[in-house]
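Visitor: Sequence first, predicted model second:
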Amino acid sequence: MDPKVSAFMVLLSLAVAAVAYDPDMLQDLCVADPSSGTKVNGFPCKPETNATASDFFFAGIAKAAVVNNTMGSAVTGANVEKIPGLNTLGVSLARIDYAPGGLNPPHTHPRATEVIFVVEGELDVGFITTGNKLFAKTVKKGEVFVFPRGLVHFQKNNDLKNPASVISAFNSQLPGTQSIAATLFTATPPVPENVLTTAFQIGNKEVEKIKSKLAPKKS
């Protein structure tokens with residue numbers, strides 16, 4: 001191969017690699033200012049002189065959440081919306097608490113890979129590749145499991161008597177979550193019913209039944 005062509009290919013590969021990751025920070029910190037009203041890929045920074053230690057602190061995952069839903073799980077996010085100092089840092093956490101037999105239903109994180117550390121209990125977990133292959137395992141207290149970015153995954157507390165909990169880490173300040181069932185059956189405006197009946201090979205009555213069970217409860 002011509003040396004010039006080889007050099008060009010190397011530079012091209014480096015350029016592709018460079019844009020595949022978040023850019024390096026150009027300042028020490030960028031505390032989010034969600035009140036600014038400006039929409040960017042992330043949040044604009046508030047003046048550094050207005051930043052305080054509280055912008056980098058969150059106590060919300062210290063205690064178990066109250067689980068009072070039909071799925072039997074509750075997620076407490078520790079992301080940029082709760083910790084403004086995470087802005088531009090590309091990391092966040094969450095705590096997930098499971099009632100006995102509770103399920104964190106199949107969902108995806110479009111912007112992050114997830115790593116869970118089991119704090120208490122034992123879980124059946126798994127993810128499904130785009131080739132429709134399931135990778136599943138039982139993870140116990142002190143053990144870790146990884147869910148690749150964007151792939152459908154789930155966690156189930158297989159203990160019917162005791163609760164469980166995990167700490168999740170993400171390589172995004174705001175990983176986003178799309179719960180498969182809720183996304184399809186409670187979207188606004190709604191997904192056309194003939195799309196759901198055809199996709200799931202069920203009738204209109206079944207669609208309405210699922211929607212009624214997944215609809216947010218009115219306070």
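Guide: Yep, that arrived. Residues are numbered from 1 along each chain as shown.

Visitor: Report the residue spans of the protein with pLDDT below the cut-off.
Guide: Along the chain, segments meeting pLDDT under 70 span 1-24, 217-219.

Visitor: Can you give the domain ranges for it?
Guide: For the chain, the structural domains run 61-82+90-178, 186-219, going by automatic domain parsing.

Visitor: winner for burial among the ones you listed?
Guide: Among these, the stretch with the highest mean neighbour count (mean count of other Cβ atoms under 10 Å) is domain 61-82+90-178, at a mean of 17. The C-beta positions use only the backbone N, C-alpha and C, and glycine is treated the same way.

Visitor: Tell me how far that one lies from the chain's centre.
Guide: 8 Å (Cα atoms, centre = their mean, to the nearest Å).

Visitor: For stretch 64-73, C-alpha coordinates in PDB please.
Guide: Output of stretch 64-73 as PDB, limited to C-alpha atoms (Å, rounded to 0.1, in the frame of the first residue of the first chain):
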ATOM      1  CA  ALA A  64     -34.000   1.800  50.500                       C
ATOM      2  CA  ALA A  65     -36.800   3.300  48.500                       C
ATOM      3  CA  VAL A  66     -40.400   2.400  49.300                       C
ATOM      4  CA  VAL A  67     -41.600  -0.100  46.700                       C
ATOM      5  CA  ASN A  68     -45.300   0.300  46.100                       C
ATOM      6  CA  ASN A  69     -45.900  -0.600  42.500                       C
ATOM      7  CA  THR A  70     -47.100  -3.800  40.700                       C
ATOM      8  CA  MET A  71     -43.600  -4.500  39.300                       C
ATOM      9  CA  GLY A  72     -42.100  -4.700  42.800                       C
ATOM     10  CA  SER A  73     -39.100  -2.400  42.200                       C
END
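
Visitor: can you tell me the helix or strand for the closest residue to G203 other than its chain neighbours?
Guide: In space, not counting the residues next to it along the chain, G203 is nearest to T197; the distance is 6.3 Å by Cβ to Cβ, 6 or more residues apart in numbering. According to DSSP states H and E, T197 maps onto helix 193-200.

Visitor: Please name the residues that touch the residue nearest to G203.
Guide: Contacts for T197 were tallied using Cβ atoms under 8 Å, 6 or more residues apart in numbering; they are 203-204, 206-207.

Visitor: ok, now N132?
Guide: By Cβ under 8 Å, 6+ apart, N132 has no neighbours at all.
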